[in-house]
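[1] Sharing a model prediction with you, sequence too.
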Amino acid sequence: MTEKDTYRTIKNPISEVVFKDKSSKFLGYAFPISSEDEAKQYLEIVKKEHFSARHWCYAWQLGKDKKQYRANDDGEPNGTAGLPIYGQILSFDFTNVLVIVVRYFGGIKLGVGGLINAYKTTAQLTLQEAIVEERTINQIFEIKFDYKNMNKVMRIIKERNLSVISQKMELNCYILIEVRKAEVSRVLETFNQMYEVSIIEKENL
C-alpha cells in the first residue's frame, strides 16, 4: 500500500457560525494555522471580540505526518467542550487547523450531554463551511555539486518536475529542492548515483 503523502486543511478562516440551545448561544470559528503561536494569536483576537462571553473553548491540530493537538474546555465540565470540538477536526480529517467555540450562557444549564452535543454540533457546522485544501507532504533537500555538473543536475530537476526553493550558482553550487514524500526514495537514488553530487535532507523551512 502506498504511504499517504497528502493532508487536508482549510483554505480560509470561518467566522461566527451560530448554534443555539436552551437560550445559550454558541459561535463557531475556524482558522488555518501553522504553529501553536498562531493559534494563541487567533484565540486572543476572538476573546477580545467576545470579551463578555462566558467560555472560549477550542481545539487545534498541527502537523502533516506526526500530528500534535490540544483541546481546552475553558471552565466547562471536563471533556464536554474541547474534546468534542477536537473530535470534529478528526472527523473531517483536517490538520493545521484551529476551531474555537464561544459560548454566551443563557441562564439554563444544558447538562453534560447537552454541552457535548452543543460544542460538537457548533464545530461540525463551522467546519462544514470550510473550503478544503488537499496538500502534498513534502521534504526539503540540499544538493551540492561543482559548477561543471550543473547541467546534469538541472536536467534531473526538470525531468522529475522538482520544485526549486533557492539556488546559489558559483564554483560550489547549492540548490534547495522540495520533493513530494512518495517520490523521495526515487529522487535520492537518482542523485546518489551521480558522481561528485551530494544530497542531504534539511529541516523543513
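    Okay, I see it. Numbering: from 1, shown residues only.
[2] for the longest helix along the chain, packing partners?
    Scanning the chain for the helix with the most residues, using DSSP state H, yields helix 111-128. Judged by 3 or more Cβ pairs under 8 Å, 6 or more residues apart in numbering; DSSP states H and E, helix 111-128 is in contact with strand 14-21, strand 24-32, helix 82-91, strand 97-104. C-beta coordinates here come from the backbone N, C-alpha and C atoms, glycine included.
[3] so how far is it from its chain's centroid?
    Averaging C-alpha positions (Cα atoms, centre = their mean, to the nearest Å) puts helix 111-128 22 Å from its chain's average.
[4] buried residues in it?
    115-127 (16 or more other Cβ atoms under 10 Å).
[5] Partner strands of the helix or strand that it is followed by, with direction?
    Toward the C-terminus, helix 111-128 is succeeded by strand 132-136 as the next helix or strand (DSSP states H and E). Strand 132-136 sits in its sheet next to strand 6-10 (antiparallel), going by DSSP bridges.
[6] what angle sits between the partner strand and strand 24-32?
    Here the directions of strand 6-10 and strand 24-32 differ by 130 degrees (axes from the mean of the first three to the mean of the last three Cα atoms, to 10 degrees).
[7] which residues sit against strand 6-10?
    When contacts are taken as Cβ atoms under 8 Å, 6 or more residues apart in numbering, the neighbours of strand 6-10 outside the stretch itself are 30-32, 64, 92-97, 127, 130-137.
[8] and it, average pLDDT?
    Strand 6-10 comes out with an average pLDDT of 91.
[9] Use 55 as the first number from now on
    From this message on, residue numbering opens at 55, which makes the last subject strand 60-64.
[10] got the angle for that strand vs strand 151-158?
    Going by the same axes, to 10 degrees, strand 60-64 makes 30 degrees with strand 151-158.
[11] L97 is in contact with I154, isn't it?
    Yes. In terms of Cβ atoms under 8 Å, L97 counts as a neighbour of I154; the distance is 6.3 Å.
[12] Would you mind checking the contacts of strand 60-64 for buried ones?
    In terms of neighbour count (16+ other Cβ under 10 Å), the buried residues within the contacts of strand 60-64 are 84-86, 118, 146, 148-151, 181, 184, 191.
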